[in-house]
Structure formats: structure tokens, C-alpha cells
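Student: Need coordinates for the below:
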Amino acid sequence: MKWWINRWRIQSSSKSNKYYTVAENDEGEFGCDCPIWKFQRVECSHIQIVKEGLKSGKLKRKYTLEEYLKTKGLTVQEFYDKKMVDEL
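Tutor: Numbers count the residues shown, from 1 in each chain. Take a look at the predicted model:
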């Protein structure tokens, strides 16, 4: 089980009133709710925008894994223990 710990809203390049959510999971993988990523699992422009923004410092992560787990009342060790059980 992967936990989505960071999220960003990114405006569509083709529709100015449409936004997509890009998320980063606890393993550093990215996903998006746009059709390109949902159906083709291809890195979309929204994910690329987030990655570039993080690299340049224009975007920030809200949480580290440890900070996110703290909001859920878990330690990192408890998280990995639970994750191991969930994956069995």
C-alpha cells in the first residue's frame, strides 16, 4: 500500500478553468488525476511541472514522510511495520 503524502493543484494547459491534482507517495513516485496518467500511466505535463517546480524551489513539499506520519499518530517504524503487514 502506498500513501500519498504530498499534493499540488496544477492548472490544465488546454482548459483554464480545469485543474489536476498531482500527488507524491511515500516512495517518491508521482501520480496525477488527468486522463493521460490515469489511463496510460505516462508521465504527464502536470507531473513534469511539479518535478521542475520542486527542483527549482518554486514549489515545496508540505510534508516529509516523518511529518506526515506524525499527523496520523504513527512513527516511521510503525508505518513500515504496518506497510509490511498490508503487503502480505
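Student: mind listing what the residue most central in space within the chain touches?
Tutor: Residue closest to the mean C-alpha point of the chain, counted by C-alpha atoms, centre = their mean, is residue 24 at 1.7 Å. Counting by C-beta atoms under 8 Å, 6 or more residues apart in numbering, residue 24 makes contact with 4, 5, 6, 7, 30, 50, 61. Where you see a C-beta, it was placed from the backbone N, CA and C, and this is true even at glycine.
Student: for the chain, which spans come out with low pLDDT?
Tutor: 1, 83-88 (pLDDT under 70).
Student: What ranges does it have for its strands?
Tutor: Secondary structure of the chain (DSSP state E): strands located at 4-11, 19-25, 30-32.
Student: who wins for proximity to residue 71 among those strands?
Tutor: Within those, the stretch nearest residue 71 is strand 4-11; the backing value is 9.5 Å (C-beta to C-beta).
Student: which of the strands of the chain is buried the deepest?
Tutor: Among these, strand 30-32 has the highest mean neighbour count (mean count of other C-beta atoms under 10 Å), at a mean of 21.
Student: other SSEs contacting it?
Tutor: Here strand 30-32 is seen to pack against strand 19-25, helix 45-56 when contacts are counted using 3 or more C-beta pairs under 8 Å, 6 or more residues apart in numbering; DSSP states H and E.
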